[in-house]
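Visitor: Got a predicted structure here, sequence first:
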Amino acid sequence: MSAEPRTAPSGRRRATVRNPAVVVDDVTVVYTVTSTGGGDEVPVSAPVRLARRALGRPPIVRNQALTNITLAVEEGESVGFIGRNGSGKSTLMNVISGQLNPTSGRVYAADVPAKLGVNVSLVPALSGERNMRLGCLAQGMTPAEVDAKMDELIHIAALDKAIHWPMKAYSSGMAARLRFAVATATDPHILILDEALGTGDAQFQDRGKARMQEIREQAGCILFVSHSMAEVRTMCSRVVWIDEGELVMDGDPGDVIAVYERFMKDLAAGNNKSALAMRDEAREALVRTVVADLGPSAAQPGGTAA
């Protein structure tokens, strides 16, 4: 990816991204799924439609998971992604990590993103220690590098004597802690964590947060998905709110989380109209900020936000 400064389409106050680590350029993701509850049905020929009905199969509909997502993440940033379940956060992380191809748009990255759990294959019959060694070797570390790193990784995972147990005896939280240690062993340039720190006790969370801070200080960037606003406030220098597959807010953690929490409080109280109006107002403010950052060219025919 080019290291030249580019216009920031994310709606933040500064107008350029001087050291981009990740650029998401107008990404849209549309799934096709079967549904018995209606929706935007995918057009099919009359014979296919009749055949599906004769076989009792439900129609195929489109599900738009992401719509025209554009943002940039700089070196050294820790960006939190928040939103309701099903808002598109994990879909976006899968696109950035290369797990999922977008329907349209592109993602540019300064290095191969490491998504927790994606690059680490665990063998249930082997111990946590053996899996840790194999995971590090699979990421390109030499046996000597693994030996030098093992004590630190075991400390980060906070598994104590369970590090010698077979992985099949691990809870999902214990396995997630081991994956976190292995995923961060190679000082990844771009680390994606999707609900990764909520699966352990306070000891693991403290060690995990300290490790994330080390990665940031080495000019790496972290993309962090969490439903814990306390974690996001503590760990992130910037927060992106996504709802129904669209960007709503992008900026200072305190500002974004305050609006998001009011939105969720209104939804919980049944004040849907008020909540949606608040969300739409925030989204419109983001659009106005983008236009202001781009300047007069954005208002001219053919002007673009990319």
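Guide: Happy to help now that I have it. Residues are numbered from 1 along each chain as shown.
Visitor: As a check, name the ranges of all helices in the stretch 151-300 of the chain.
Guide: If DSSP state H, counting those that start in this stretch is used as the criterion, the helices of the stretch 151-300 of the chain fall at 172-183, 202-217, 229-235, 253-268, 272-294.
Visitor: other SSEs contacting the longest one?
Guide: Applying 3 or more C-beta pairs under 8 Å, 6 or more residues apart in numbering; DSSP states H and E, we find helix 272-294 packed against strand 246-251, helix 253-268. In this view, the C-beta of every residue, glycine as well, is placed from N, C-alpha and C.
Visitor: quick one, that helix and strand 246-251 angle?
Guide: Per axes from the mean of the first three to the mean of the last three C-alpha atoms, to 10 degrees, the angle that helix 272-294 makes with strand 246-251 is 60 degrees.
Visitor: coming back round to it: out of the helices and strands packed on helix 272-294, which is the most enclosed?
Guide: Among those, strand 246-251 has the highest mean neighbour count (mean count of other C-beta atoms under 10 Å), at a mean of 23.
Visitor: neighbouring strands for that one, and are they parallel or not?
Guide: Note on strand 246-251: by DSSP bridges, its sheet partners are strand 238-243 (antiparallel).
Visitor: who touches the strand it pairs with?
Guide: Identification of contacts with strand 238-243 by C-beta atoms under 8 Å, 6 or more residues apart in numbering yields 10, 12, 69, 71, 77-84, 87-89, 92, 232, 247-253, 256-257, 259-260, 279, 282.
Visitor: before we move on, back to that, I'd like the helices and strands packed on helix 272-294 laid out as TSV, including distance to R18.
Guide: Putting those into TSV (distance: least, C-beta to C-beta, whole Å) gives the following:
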stretch	distance to R18
strand 246-251	17
helix 253-268	21
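Visitor: need these in JSON lines with mean pLDDT and distance to M174, can you?
Guide: JSON lines is the format used below for the helices and strands packed on helix 272-294 (pLDDT from 0 to 100; distance: least, C-beta to C-beta, whole Å):
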{"stretch": "strand 246-251", "mean pLDDT": "96", "distance to M174": "35"}
{"stretch": "helix 253-268", "mean pLDDT": "96", "distance to M174": "30"}
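Visitor: still on that earlier bit, of the helices of the stretch 151-300 of the chain, which is nearest K149?
Guide: When the helices of the stretch 151-300 of the chain are compared by C-beta to C-beta, helix 172-183 sits nearest K149, at 9.5 Å.
Visitor: could you dump that closest one to CSV, C-alpha only?
Guide: C-alpha atoms of helix 172-183 as CSV (Å, rounded to 0.1, in the frame of the first residue of the first chain):
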residue,chain,number,x,y,z
SER,A,172,-13.7,-21.8,25.5
GLY,A,173,-12.2,-18.9,27.6
MET,A,174,-9.0,-20.8,28.3
ALA,A,175,-8.6,-21.6,24.6
ALA,A,176,-9.1,-17.9,23.7
ARG,A,177,-6.4,-16.9,26.2
LEU,A,178,-4.0,-19.3,24.6
ARG,A,179,-4.9,-18.0,21.1
PHE,A,180,-4.3,-14.4,22.3
ALA,A,181,-0.9,-15.2,23.5
VAL,A,182,0.1,-17.0,20.3
ALA,A,183,-1.5,-14.3,18.0
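Visitor: Show me what that helix is packed against.
Guide: If you count contacts as 3+ C-beta pairs under 8 Å, 6+ apart, helix 172-183 packs onto helix 128-138, helix 143-157, helix 202-217.
Visitor: residues of it that come out buried?
Guide: M174, A175, A176, R177, L178, R179, F180, A181, V182, A183 (16 or more other C-beta atoms under 10 Å).
Visitor: Ok, stretch 60-79 next?
Guide: Neighbour-count burial for stretch 60-79 [16+ other C-beta under 10 Å]: 60-61, 65-67, 69-79.
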